[in-house]
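Chemist: quick check, what structure comes out for this input:
(chains A and B)
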Amino acid sequence: MAESLEVQRAALNEWLVAARPALERKEWRSAFAGYPRADLRDLPIPWAPAPVDVRSACFTLVGSAGLSLPWQPPFDTAGLAGLGGDPTWRSFPVDTALDATTITHEHYSHAAAEQDRNAVFPLERLRALASAGEIGGLTETHFSFMGYQPDWAMVMDAFAPRLAASIAQERPDAVLLVPV
Amino acid sequence: MSLAALRKPTQLARSPRVFFTGKPNAEIVGLPNDEQAQLATLREALRVLAEATEPGILWEVP
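Modeler: So this is what the prediction gives:
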């Protein structure tokens, strides 16, 4: 059985204080040696029925690769007062040219994504599936954020609900999440 | 913590319907410039979306 969320939050807060100097120095290995991951196994998992027919369903793409467009601010890798998270997202029109996007994310190798953004944000592939009639379509807007978010409580309490609300405004039938 | 470190649905606040595992970091959807492999991964996700009867399915990619 997992510890209560209150106990886990307290452990996280202690870690955020203790690890801050190492995080500010970007000494990730030592900073995360004792990272108190969220253990959510005891929380209920809501179940949503699938679209009746995927071929008529409209999808929104959400990825954590840290993509932005030239006119959008890049993600703040020194954000959250030095912890290095950035609880914001960037929006992408459905016809976005992925080659125009920039990656701001210090916690994964960009080798594959620099060759082909579809490896981390497959918007062009989804457009192909829509054109072929394998899915019903795509919403007008899609979303990317930086997956490095050390303060998981902030993600649970604020960031994820706000992003979910923005996604819901698109009124998709289903959401495709691509973690990186 | 990168989301790539989340290898178990139980570590997510809201478990997805299917969670692909075993893929290299940043190649979640497939190798770069391998359109057919990427489409195959997406089609598999769509299939599981349509057929799954419970949340949090782990799909191990060979």
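
Chemist: now do the helices in chain A.
Modeler: A:5-24, A:28-31, A:111-115, A:123-131, A:152-154, A:160-169 (DSSP state H).

Chemist: just how off-centre is the longest one within its chain?
Modeler: Here the centre of helix A:5-24 is set off from its chain's centre by 21 Å, with Cα atoms, centre = their mean, to the nearest Å.

Chemist: then the shortest one?
Modeler: With Cα atoms, centre = their mean as the basis, the distance from the averaged C-alpha position of helix A:152-154 to the chain average is 13 Å.

Chemist: and for the last one?
Modeler: Centroid displacement of helix A:160-169 relative to its chain, using Cα atoms, centre = their mean, is 12 Å.

Chemist: show me what it is packed against.
Modeler: strand A:58-63, strand A:89-93, strand A:141-145 (3 or more Cβ pairs under 8 Å, 6 or more residues apart in numbering or on different chains; DSSP states H and E). C-beta coordinates here come from the backbone N, C-alpha and C atoms, glycine included.

Chemist: likewise for the fifth one?
Modeler: The contact analysis (3+ Cβ pairs under 8 Å, 6+ apart) places helix A:152-154 against helix A:5-24.

Chemist: these two touch, right, A:Leu177 and A:Phe59?
Modeler: No - between A:Leu177 and A:Phe59 there is no contact under Cβ atoms under 8 Å: 10.8 Å.

Chemist: of those two, which one has the most company?
Modeler: A:Phe59 (25 against 18; other Cβ atoms under 10 Å in any protein chain shown).

Chemist: touching, that one and A:Gly137? I think so.
Modeler: Yes - counting by Cβ under 8 Å, A:Gly137 is a contact partner of A:Phe59 at 7.5 Å.

Chemist: circling back to that earlier point, want to throw the helices of chain A into a markdown table with mean pLDDT?
Modeler: Compiled in a markdown table, these are given as follows (pLDDT from 0 to 100):
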| stretch | mean pLDDT |
| --- | --- |
| helix A:5-24 | 93 |
| helix A:28-31 | 90 |
| helix A:111-115 | 92 |
| helix A:123-131 | 98 |
| helix A:152-154 | 92 |
| helix A:160-169 | 94 |
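
Chemist: ok, now how distant is B:Ala37 from chain A?
Modeler: From B:Ala37 over to chain A the distance is 10 Å, taken as Cβ to the nearest Cβ, to the nearest Å.

Chemist: if anything else comes up later, I'll come back, but that's it for now.
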